[in-house]
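1. got a predicted structure here, sequence first:
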Amino acid sequence: MSKIRGAVVIDRERCKGCNLCVVACPTNSLSLSVGEVNHRGYAFSQDTNPDTCIGCASCAIVCPDACITVYKCKTDE
């Protein structure tokens, strides 16, 4: 039986590190970068636990700068 998983793509250079996506994620898949910043000097959001993403797109919905795109992928598990 197929299972739906999510794949999150984050535009790191546009991200301002507001942390809204991290808080909105029900599976704790996202976090802010530590020790790394984008060209504007902001810590950016990153998909640190991609295996837990369910593709709900809560992160993309709350992102004020539309930096996040979520794709739903089928897996054979």
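-> Thanks, I have the structure now.
2. going along the chain, name the strands of the chain.
-> 2-10, 30-32, 45-47, 68-76 (DSSP state E).
3. now do the contacts for residue 14.
-> By Cβ atoms under 8 Å, 6 or more residues apart in numbering, the residues touching residue 14 are 65, 67. Yep, even glycine has a C-beta here, placed from its N, CA and C like the rest.
4. distance of it relative to residue 38?
-> Going from residue 14 to residue 38 by Cβ to Cβ, to the nearest Å gives 8 Å.
5. contacting residues for residue 61?
-> When contacts are counted by Cβ under 8 Å, 6+ apart, residue 61 touches residue 24.
6. where does the chain dip in pLDDT?
-> Filtered on pLDDT under 70, the chain yields the residue ranges 1-2, 77.
7. cutoff 50 now
-> In the prediction, the chain carries no residues with pLDDT under 50.
8. kindly export stretch 50-59 (C-alpha atoms) in PDB.
-> The C-alpha trace of stretch 50-59 is given here as PDB (Å, rounded to 0.1, in the frame of the first residue of the first chain):
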ATOM      1  CA  PRO A  50      12.500  15.100   6.100                       C
ATOM      2  CA  ASP A  51      11.400  11.500   6.800                       C
ATOM      3  CA  THR A  52       8.700  12.800   9.200                       C
ATOM      4  CA  CYS A  53       7.100  15.200   6.700                       C
ATOM      5  CA  ILE A  54       3.500  14.300   5.900                       C
ATOM      6  CA  GLY A  55       3.000  17.000   3.200                       C
ATOM      7  CA  CYS A  56       0.300  18.900   5.100                       C
ATOM      8  CA  ALA A  57       1.700  22.300   3.800                       C
ATOM      9  CA  SER A  58       1.100  24.100   7.100                       C
ATOM     10  CA  CYS A  59       4.600  25.500   6.800                       C
END
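9. and residue 50, how far is that from residue 13?
-> Counting by Cβ to Cβ, the gap from residue 50 to residue 13 is 20 Å.
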